[in-house]
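Engineer: Test case, fold it:
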Amino acid sequence: MSAPPLAASGMAPGPFGGPQAQQAAREVNTASLCRIGQETVQDIVYRTMEIFQLLRNMQLPNGVTYHTGTYQDRLAKLQDHLRQLSILFRKLRLVYDKCNENCGGMDPIPVEQLIPYVEEDGSKNEDRTGPPRFASEERREIAEVNKKLKQKNQQLKQIMDQLRNLIWDINAMLAMRN
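Structural biologist: Now for the predicted structure:
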């Protein structure tokens, strides 16, 4: 499942082995690095699942009904998977470091500012001149409105119950009169 770094990045080594091809292979943009990192994480998850599958099927050598040859084969597979997993983690660390290096000069934007919202009058976040409202404030306001709405619904339910009882009493009095 593991591929060489050039093949994993979508670039075939090919017959062009000159310094320009190697330079282009080294200068990969951040989006490609993120894709390579995502594929590496998927490989790590796959290898880890294979390791757990091997461990689940592996029996401890207690000498009763177990073949040492089978045990040695499974142990060799397990060690190979662990070695490949170690290589994948090193590759992921390299991709992570390269992404951080490429994004080092960027100013971080708070996550709250990346969440768009619409004001009561229909204007968007960018149109406001005052301080920005964050998603947590919006969530708190929505929770307050929901609480008030539940209280109003409870009051309406009580009124409907009272009206139902009143109508029941009126119908009972009318039935006794007849």
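Engineer: how deep is the closest residue to Leu75 other than its chain neighbours tucked in, by neighbour count?
Structural biologist: Once flanking residues are discounted, Leu75 sits nearest to Met58: 7.7 Å by CB to CB, 6 or more residues apart in numbering. Every C-beta, even on glycine, is put in place using the N, C-alpha and C of the backbone. For Met58, the tally of surrounding residues (other CB atoms under 10 Å) stands at 14.
Engineer: I'd like to check which residues are in contact with Met58.
Structural biologist: By CB atoms under 8 Å, 6 or more residues apart in numbering, the residues touching Met58 are 71, 74-75, 78.
Engineer: Dump the residues you listed to CSV, plus distance to Pro108, pLDDT and secondary structure.
Structural biologist: What follows is these, written out as CSV (distance: CB to CB, whole Å; pLDDT from 0 to 100; DSSP: H, G, I helix; E, B strand; the rest coil):
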residue, distance to Pro108, pLDDT, secondary structure
Tyr71, 51, 75, helix
Arg74, 47, 82, helix
Leu75, 46, 83, helix
Leu78, 41, 89, helix
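Engineer: out of the residues you listed, who's nearest Gly37?
Structural biologist: Leu78 (25.7 Å; CB to CB).
Engineer: does Lys91 sit in a helix, a strand or a coil?
Structural biologist: Three-state call for Lys91 (DSSP: H, G, I helix; E, B strand; the rest coil): helix.
Engineer: Ok, Asp161 next?
Structural biologist: helix.
Engineer: could you measure it against Gln155, distance?
Structural biologist: Distance from Asp161 to Gln155, counting by CB to CB, to the nearest Å: 11 Å.
Engineer: Please apply the same query to His81.
Structural biologist: 64 Å.
Engineer: Those two: who's more crowded?
Structural biologist: A side-by-side neighbour count of His81 and Gln155, using other CB under 10 Å, places His81 first with 18 against 10.
Engineer: Contact partners for that one?
Structural biologist: Each residue near His81 by CB under 8 Å, 6+ apart is listed here: 47, 50-51, 54.
Engineer: now those in JSON lines, with distance to Met106, neighbour count and secondary structure?
Structural biologist: Formatted as JSON lines, these follow (distance: CB to CB, whole Å; neighbours: other CB atoms under 10 Å; DSSP: H, G, I helix; E, B strand; the rest coil):
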{"residue": "Arg47", "distance to Met106": "32", "neighbour count": "21", "secondary structure": "helix"}
{"residue": "Glu50", "distance to Met106": "37", "neighbour count": "16", "secondary structure": "helix"}
{"residue": "Ile51", "distance to Met106": "37", "neighbour count": "16", "secondary structure": "helix"}
{"residue": "Leu54", "distance to Met106": "42", "neighbour count": "16", "secondary structure": "helix"}
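Engineer: which of the residues you listed sit farthest apart?
Structural biologist: Arg47 and Leu54 (10.5 Å).
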